[in-house]
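# Fold the following, please.
(chains A, B, C and D)
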Protein chains: 4
Amino acid sequence: MYSFKNDYSEGAHPNILHKLMEANLSQQAGYGEDTYSQEAKALIKQQINKPEASVYFLSGGTQTNLIVIASLLRIHEAVISAKTGHIYANETGAIEATGHRVITVETADGKLRIADIAQVLKEYALRPHVVKPKMVYISNSTEIGTIYQKWELEELSAYCRSESLYLFMDGARLGHALTATNNDLTLADLSALTDAFYIGGTKNGALLGEAVVFNRPEIAPEFDYALKQRGALLAKGRLLGIQFLELFKDDLYFNLAAHANQMAQKIALALAEKGYATLTQSTTNQIFPILPNEVISSLSQKYEFYVWKPIDAGHSAVRLITSWATDESKVEEFISDLKRF
Amino acid sequence: MYSFKNDYSEGAHPNILHKLMEANLSQQAGYGEDTYSQEAKALIKQQINKPEASVYFLSGGTQTNLIVIASLLRIHEAVISAKTGHIYANETGAIEATGHRVITVETADGKLRIADIAQVLKEYALRPHVVKPKMVYISNSTEIGTIYQKWELEELSAYCRSESLYLFMDGARLGHALTATNNDLTLADLSALTDAFYIGGTKNGALLGEAVVFNRPEIAPEFDYALKQRGALLAKGRLLGIQFLELFKDDLYFNLAAHANQMAQKIALALAEKGYATLTQSTTNQIFPILPNEVISSLSQKYEFYVWKPIDAGHSAVRLITSWATDESKVEEFISDLKRF
Amino acid sequence: MYSFKNDYSEGAHPNILHKLMEANLSQQAGYGEDTYSQEAKALIKQQINKPEASVYFLSGGTQTNLIVIASLLRIHEAVISAKTGHIYANETGAIEATGHRVITVETADGKLRIADIAQVLKEYALRPHVVKPKMVYISNSTEIGTIYQKWELEELSAYCRSESLYLFMDGARLGHALTATNNDLTLADLSALTDAFYIGGTKNGALLGEAVVFNRPEIAPEFDYALKQRGALLAKGRLLGIQFLELFKDDLYFNLAAHANQMAQKIALALAEKGYATLTQSTTNQIFPILPNEVISSLSQKYEFYVWKPIDAGHSAVRLITSWATDESKVEEFISDLKRF
Amino acid sequence: MYSFKNDYSEGAHPNILHKLMEANLSQQAGYGEDTYSQEAKALIKQQINKPEASVYFLSGGTQTNLIVIASLLRIHEAVISAKTGHIYANETGAIEATGHRVITVETADGKLRIADIAQVLKEYALRPHVVKPKMVYISNSTEIGTIYQKWELEELSAYCRSESLYLFMDGARLGHALTATNNDLTLADLSALTDAFYIGGTKNGALLGEAVVFNRPEIAPEFDYALKQRGALLAKGRLLGIQFLELFKDDLYFNLAAHANQMAQKIALALAEKGYATLTQSTTNQIFPILPNEVISSLSQKYEFYVWKPIDAGHSAVRLITSWATDESKVEEFISDLKRF
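Here you go, the predicted structure:
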């Protein structure tokens, strides 16, 4: 069996493991004060072109989302998300567990637009009987593989500023977004257009790790306390620092993501040639083709993937995910199996 | 400079890194459903001699403490801890952040006794104007290096059961406790005498990782939800599974801890021979000698360690910690430096 | 100006004020241990025909909802509500502030049905990545004036039991539900069919006060702690006891609600005769007629009420609420004003 | 039996009940927007000589404490209190339930001093491993009957400002403090010297009600949301407005408190003449005499009061509380009973 189930099936890029070994016996300060973390943070600030930013390393997406959101919001404030947003759909109420409502919006493509947010603000106007929307949460790439264009993010950013809403981007799959063929955003753009965002390592070659960036550090001047309080401050912070140091050396992070995208898009092309429709217009490493149930059943003999949802009596959408570690020969095999139908 | 500042200055035991490399490209299920984690859990259940227990892997001590406590307590319940307890002294209010009071007791040696708990129950009797004490939190070894004897734990255990209190043991340094020369407890004893405890990896040779054991799994049947909600469920759970698999193979875990203890006790002996008193009676890898300030100042030129607290005008207690990675030649050098005074 | 804006515009029924005066200087135990509260609880348990129930008095609906829900749910559990439910629409995220998600369902009439709940259970199946639905919250009468029929509640009740879901009824306007002309439920039925419900005093003649009933007291054996912790335990609990004692003497509670309903339905009849449609099929004290905007504008000169929502370019729905204190002559005046259009 | 158990044994001052009756059928806006509340707030702002202050009415002390503290603190911040402070000793962990630690200080007289706070700041310096102290909570009068002198409050205030700590005064028994014979503070002083304080109604003649004052309204600009979210916003806010309007008319509030103090001090004088010591130096309406156990036993036949704590084999301290409603003839009877021993 070969798995297209997710982008965290394998371990880490070998460079990371080698560096962990090489650095293993160097004595380092704990809790993120190690030299590797310091260097990695400097490197990221340089790449986003924002020396005044503050950068923190955390272990995973849910942890990052909940700590960032709990740190920025006051008790009566809420966050707006697409209904497909990870914080609403996949995190076991992590945000609500910190005391805040996630206000959701139905979307066609997993992306929020000004009209969506404006509608929420209208519905949440009856102060003080409703929560106060104070943050907009977006994912790039989204949970269904789509990405934001620069003009879209510029519009959202300007609107959020005009309405005093924080704009926070979940970048669990940020590498995949920024290396998509239709992408026109850079890390520096994200830094200019959002209040905070994070660079996902777990789904792009790290053992674990997300780098959260506060572009306006004054909104979270005491984030270190929150990290420790919520159990996110690793004693051996070096583990995160070393990984981001490797990932941001020689564009490894982007190369890994580009590979993942290419693998998925190669499959997508084959599917399109076969005439299969897709549920979402993904240009990244997650694709959602709609297949006849017997094809799904047959492919399931050799490949692991999620059956996403039934479409009609004879068809279902499936989710195929590729990663930095996806073996191109397996992709080719999959395509050739596909072509047999 | 050589550091005796803590037991998480280095990376991981090489066996762990080798196994991470070896297993790196094996595709595994996410979120702790990987085969390594399954094997490691089975191994632990065997070593504690409790097949019905449930075992979960988490990243660090604060995270483990807060999730276990938040999962077991109802909203009006509280946990009792020594004032030196990690949950009170070093975790940025992590327990209170989940809504629960930590009721503290002053102790001479960091250990709780029946009389301490009985006194708390008496002070918290005026229902419903006070919280209800429902859990006893102890650390073994304690934050100041002492350990529980079997008879002490048996007494505590019986008392807690009679008073319907959960007994939860923080084992961030459990290896050091169980390999201390004066220890008479086994993993199986802990499993028989506590409701839950954890086996610390971070401070004993892992990159990160704590294995929490519910000896009566019926008290936390849905702990997996809590893990996810609080951001503790690693996508690549294999990282934790592989480490515990290595640590519990061929007694590595205990051998590493024993080394740490021996290194600390070697220093302790040298200090005693020099006539220096110690703040606590530690038999583990943390020692707290009281030294003349000029000795401290001189040692600080070559070694890193915490100055714990001032004792009188001319003396302070310092904390020296050794680990699985402590270099015996550095210990000898430290001792020889010490002897020069 | 005469107000049809809500059912808490006036003070309390005079019987209550007289009794407060009469009892004023009697010395009583604090925190709900007074004899009035004890008597009132006994009276309620008798009327619901459930001597083993436990009854507590609180100050208002939001407070009651949040404390009941926070007491019953574990950290990873969620409550299901109609999107119009008070806990979702009108309580400033009070439930989320206790850490729990409110899962909402769109409904036509503010009432939940088995299919709604079954659909939620299906959507929240991917343990542990989603919260666990554990409670069903319904309001009777609903926030839009409709009521549950006995067979509907019996079905819901049986389903909730089969799925191990708590069934909790918000009775902020319970009197109005139970005295609606189409009602076939009794207090004893509610006690038999729900796990907990409350009897709203604030919107039916009390200064403040809700009586929450746990029909299975074993699900909340320590609710008194929660009351105190959340600031709901009044030092002068007598204030609540005296009010419920008066309300449940000689059916005052039901008589007051019946009056409110009659006043609203009298207006509803007049509106129907004029040919105006209504947004919801209310048989209680809240009605939602759809009126031409110029009629609304004209009525607004003399009467206060909410403009609920725009329907089309020329029409809007308004909300008219009557209460125990509504003056029948004002109702007649309103109707006669209406007839002039 | 006559009760000296607390100051909330009776109902409300008759002026309040009369006004409730008189205003009963006046239609008013809900949720504190009624004219009585508006007038009462204006009256209070005038009496504290701070037109820019913001004033809110809540139901009780625990509720007020928890909402004020939860509104002002960020997630990693803590409040400092005397160990006898109501928020620590009597509120079922209400503050911790909002996520914040209460850091306690042992005091001789229930009052905090600069040295106490400075010591806490020193102990909580190891950022980010400990919570950040951000608020000082004091009670006036304290839970053991003592009061702050103006110079003491001035010192505390200056220190708190220099350390960026909020200074919040619990005034559940503020009337008793401000009318004590040794008091030299005014409401205007409190407004100048604290960031927030409240004026307790429940223990001084109201049915329920506390008026919280933010002297710098910019620290809690959205407090109305918090009130609603925590279940503190009464639908019939008039109930609170009317009471404070009456209490602050013609100095009723102060006259009631002065009566309570005089009654307690009359007993205190008699006790002193008999040679009995007291546990605390109270000048207000709570006194803590140390009596022979047989005297306690005998008095308990006719009077209710708390036995506060055992002192030695033959003596215990008791707590006697008087109120606005205490009958002077009962006080005289108590004294004469006392004299018989």
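# Can you name the residue of the stretch 51-200 of chain A nearest to chain D?
The minimum distance from the stretch 51-200 of chain A to chain D, using CB to the nearest CB, falls at residue A:76 (3.5 Å). C-beta: built from backbone N, CA, C; applies to glycine.
# who touches that residue in this structure?
By CB atoms under 8 Å, 6 or more residues apart in numbering or on different chains, residue A:76 lies in contact with A:128, A:131, A:132, C:92, C:93, D:222, D:225, D:226, D:229.
# Check those residues against residue B:165 and report the nearest one.
residue D:229 (33.0 Å; CB to CB).
# for chain A, longest helix please?
Secondary structure of chain A read by DSSP state H shows that its longest helix is helix A:252-273.
# And chain B, is that helix touching that?
No: on the criterion CB under 8 Å from any CB of the partner chain, helix A:252-273 is out of touch with chain B, staying 14.0 Å away.
# Dump the contacts of residue A:76 into JSON lines; add neighbour count and pLDDT as well.
Below are these laid out as JSON lines (neighbours: other CB atoms under 10 Å in any protein chain shown; pLDDT from 0 to 100):
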{"residue": "A:128", "neighbour count": "19", "pLDDT": "98"}
{"residue": "A:131", "neighbour count": "26", "pLDDT": "98"}
{"residue": "A:132", "neighbour count": "20", "pLDDT": "98"}
{"residue": "C:92", "neighbour count": "29", "pLDDT": "98"}
{"residue": "C:93", "neighbour count": "27", "pLDDT": "98"}
{"residue": "D:222", "neighbour count": "15", "pLDDT": "98"}
{"residue": "D:225", "neighbour count": "23", "pLDDT": "98"}
{"residue": "D:226", "neighbour count": "24", "pLDDT": "98"}
{"residue": "D:229", "neighbour count": "29", "pLDDT": "98"}
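# Run me through the strand neighbours of the helix or strand hosting residue A:316, direction for each.
Per DSSP states H and E, residue A:316 falls inside strand A:315-321. Applying DSSP bridges to the sheet, strand A:315-321 is found paired with strand A:286-287 (antiparallel), strand A:290-292 (antiparallel), strand A:306-312 (antiparallel).
# Turn those strands into TSV, columns for mean neighbour count and mean pLDDT.
Below are the strands paired with strand A:315-321 laid out as TSV (neighbours: other CB under 10 Å; pLDDT from 0 to 100):
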stretch	mean neighbour count	mean pLDDT
strand A:286-287	24	98
strand A:290-292	18	97
strand A:306-312	13	95
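# What pLDDT is listed against the residue sitting nearest the centre point of chain A?
With distances taken as CA atoms, centre = their mean, the residue of chain A nearest its centroid is residue A:172 (2.1 Å). pLDDT recorded at residue A:172 is 98.
# Residue of the stretch 151-300 of chain A nearest chain D, please.
For the stretch 151-300 of chain A and chain D, the shortest gap (CB to the nearest CB) falls at residue A:225, measuring 3.5 Å.
# Tell me if I am right that that residue is in a helix.
Yes: counting by DSSP: H, G, I helix; E, B strand; the rest coil, residue A:225 is part of a helix.
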